[in-house]
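>>> My questions are about this predicted structure, shown below with the sequence.
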Amino acid sequence: MSMALATSTAFLVAALMVPALQLPARRIGLTDDPCHRKRHNGSIPLTGGLAMFLAILAAFGLNAGNLIDYTSLIAGMAALLAMGIADDLFDLRALYRLLVQILVATLAVAWSGLEVHQLGQLFGPAFGTVGLGPFSTAFTVMSIVFLINVINMTDGVDGLAGGISLLFFLMLALIAWLTGAPASLLTMCLMMAAATAGFLVWNMRFPFRRSASAFMGDAGSMMLGFAAAWLAIAVATTPEADLRVYPIVIVWVLLVPSMDTIAVTVRRISRGQSPMAPDRTHLHHIMRRCGLSVTATVGLIHLSVLASGVAGVLAWRAGVAEWLLFSIAAGVIALYTVALLSAHRILRWGLRRRSRLVYNTPSLRPLGDQPDRKS
């Protein structure tokens with residue numbers, strides 16, 4: 001079965017299933033309604049997660065003989081999809097979601113045998129390779145749970161989480177191709193990208209549609225995060241590859257959403273809140289409050305994700321030292337975290353900027369503030 005047929009199947013099934021599932025979703029209450037944190041208009045069906053999973057199943061079925069090693073990936077996606085649907089319906093406690101994520105990640109590592117054993121020469125050749133030894137399993141599980149929540153936390157405006165996931169899967173496919181990884185691994189990355197693209201047909205904003213007609217929900221975001229983590233570890237650790245990719249390159253591909261997740265978590269803990277407590281201090285929230293439109297916000301974040309990913313891959317291919325890539329990434333995360341701890345000052349600056357724009361533009365001023373015209 002050709003790679004092209006598998007990816008086209010994933011795309012078409014996802015694109016067709018999103019609207020097909022909308023009526024059943026509305027009947028069982030699987031919808032997202034506006035509230036103080038959610039500013040969309042109307043009740044939106046949460047069909048994206050299930051549609052993408054059915055698309056992957058369809059493409060997987062066509063390639064079952066070649067993709068037998070990926071059953072733990074499919075099983076983990078199914079488990080998180082089910083838990084996510086339950087969360088979308090009944091609003092489960094954050095602690096319960098976290099426990100299920102840890103359980104699914106642990107079982108996936110035990111089933112697949114995927115583990116991160118070393119992190120590369122993060123501190124330079126003089127210190128050698130940073131090995132994880134007996135902590136490799138725990139680190140791998142923590143990495144999977146972290147990426148699940150990275151994607152979940154970016155799902156705040158139309159097209160953002162889906163676009164980030166699409167770019168990540170495409171970058172993983174590029175790395176798999178550059179390293180000479182097995183064709184089955186490249187196919188899985190492209191299948192995930194295609195299914196995500198099929199969903200984005202209904203979730204992205206276009207000139208002919210001012211807002212999304214379907215969301216992925218927690219079911220979709222957690223499922224995509226798990227798939228992203230599983231495939232990232234597989235690409236970075238596959239023994240069949242002809243060339244080893246720096247582990248830090250994977251971090252660069254998701255540097256922007258990862259730094260946002262880390263910074264928001266640190267801010268919540270510093271304020272005595274639960275790290276899982278929802279708020280409106282993510283990067284996309286700040287950009288919106290500074291006056292950017294949804295389209296501009298999503299486009300700029302997607303562009304930054306693409307730029308950081310391409311920069312990481314090019315630096316790896318050019319032989320840039322791992323310790324330098326690590327230092328830059330750590331510095332960016334640290335600087336953004338410090339900035340977010342002062343987010344209220346940034347937001348006040350954005351509000352002042354918008355006020356100056358209004359009062360410096362006569363056509364935008366309130367009627368009572370218009371200057372008198374000279375006769």
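It's in.
>>> quick one, phi psi at Phe206?
phi -130, psi 160 (degrees, to the nearest 10).
>>> Run a quick neighbour tally on it.
Neighbourhood size, Phe206 [other CB atoms under 10 Å]: 9. Where you see a C-beta, it was placed from the backbone N, CA and C, and this is true even at glycine.
>>> Which residues does it form beta bridges with?
Judged by DSSP bridges, the bridge partners of Phe206 are Arg209.
>>> just to confirm, which helix or strand has Ile262 in it?
Applying DSSP states H and E as the criterion places Ile262 in helix 255-270.
>>> what's the burial count for Phe208?
Residues lying near Phe208 (other CB under 10 Å) number 5.
>>> Which strand or helix spans the residue nearest the centre of the chain?
The chain has Ile151 as the residue nearest its centroid, 3.0 Å off, counting by CA atoms, centre = their mean. Using DSSP H and E, Ile151 sits in helix 136-154.
>>> Which stretches in the stretch 251-375 of the chain count as helices?
For the stretch 251-375 of the chain, the helices defined by DSSP state H, counting those that start in this stretch occupy 255-270, 283-289, 294-317, 322-341, 343-359.
>>> what's the domain layout of the chain?
Domain segmentation of the chain under automatic domain parsing yields 1-115+133-241, 246-361.
>>> got those as CSV, with distance to Gln121 columns?
Converted to CSV, the domains of the chain look like this (distance: least, CB to CB, whole Å):
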stretch, distance to Gln121
domain 1-115+133-241, 15
domain 246-361, 5
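>>> Output the below-cut-off pLDDT ranges for the chain.
For the chain, residues meeting the criterion pLDDT under 70 lie at 1, 35-41, 64-67, 343-344, 346-347, 350, 357-375.
>>> Just the endpoints, please. Distance across stretch 63-72?
Distance across stretch 63-72, first residue to last, is 15 Å (CA to CA, to the nearest Å).
>>> Then stretch 269-288?
Criterion CA to CA; first-to-last residue distance in stretch 269-288 is 24 Å.
>>> picking up where we left off before, relative to the whole chain's centre, how far out is the helix or strand just after the helix holding Ile151?
Where DSSP H and E defines the elements, the next helix or strand beyond helix 136-154 is helix 160-179. A distance of 11 Å separates the centroid of the chain from that of helix 160-179, by CA atoms, centre = their mean, to the nearest Å.
>>> quick one on the thing from earlier: just say which of the domains of the chain is most tucked in.
Among the domains of the chain, domain 1-115+133-241 has the highest mean neighbour count (mean count of other CB atoms under 10 Å), at a mean of 20.
>>> Thought Val116 was touching Thr140, still the case?
Yes. Taking CB atoms under 8 Å as the definition, Thr140 is a contact partner of Val116 at 5.0 Å.
>>> Mutual contacts of these two, please.
Ile233 (CB atoms under 8 Å, 6 or more residues apart in numbering).
>>> so what secondary structure elements neighbour the helix holding Ile262?
Judged by 3 or more CB pairs under 8 Å, 6 or more residues apart in numbering; DSSP states H and E, helix 255-270 is in contact with helix 136-154, helix 294-317, helix 322-341.
>>> could you redo the last one with a cut-off of 10 Å?
helix 136-154, helix 160-179, helix 247-253, helix 283-289, helix 294-317, helix 322-341, helix 343-359 (3 or more CB pairs under 10 Å, 6 or more residues apart in numbering; DSSP states H and E).
>>> Next, the angle helix 294-317 makes with that helix.
110 degrees (axes from the mean of the first three to the mean of the last three CA atoms, to 10 degrees).
>>> chain center to helix 255-270, what's the gap?
Offset of helix 255-270 from its chain centre (CA atoms, centre = their mean): 14 Å.
>>> Next up, the contacts around the residue nearest to the centre of the chain.
Contacts of Ile151 were listed using CB atoms under 10 Å, 6 or more residues apart in numbering, and they are 160-162, 164-165, 168, 216, 220-229, 254, 257, 261.
>>> my guess is Phe226 meets Gly76, correct?
Yes. With contacts counted by CB atoms under 10 Å, Phe226 reaches Gly76, the gap being 5.3 Å.
>>> Identify the contacts common to these two.
Going by CB under 10 Å, 6+ apart, residues that sit against Phe226 and also against Gly76 are 101, 104-105, 108, 144, 148.
>>> Reformat the residues you listed as a markdown table; add distance to Arg317.
Putting the shared contacts of Phe226 and Gly76 into a markdown table (distance: CB to CB, whole Å) gives the following:
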| residue | distance to Arg317 |
| --- | --- |
| Gln101 | 34 |
| Val104 | 34 |
| Ala105 | 31 |
| Ala108 | 30 |
| Ile144 | 27 |
| Ile148 | 29 |
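>>> Which residue lies closest in space to Ala176, excluding its sequence neighbours?
Once flanking residues are discounted, Ala176 sits nearest to Leu186: 4.5 Å by CB to CB, 6 or more residues apart in numbering.
>>> same question but for Ala79, I mixed them up
Val104 (4.9 Å).
>>> cool, Asp260 as well?
Nearest to Asp260 is Leu283, by CB to CB, 6+ apart, at 4.5 Å.
>>> list the contacts for that neighbour?
153-154, 156, 160, 256-257, 259-261, 263-264, 297, 300-301, 304, 336, 340.
>>> just to revisit the earlier point, between the helix holding Ile262 and helix 160-179, how many degrees?
Orientation check (the same axes, to 10 degrees): helix 255-270 against helix 160-179 gives 130 degrees.
>>> Sounds good, over and out.
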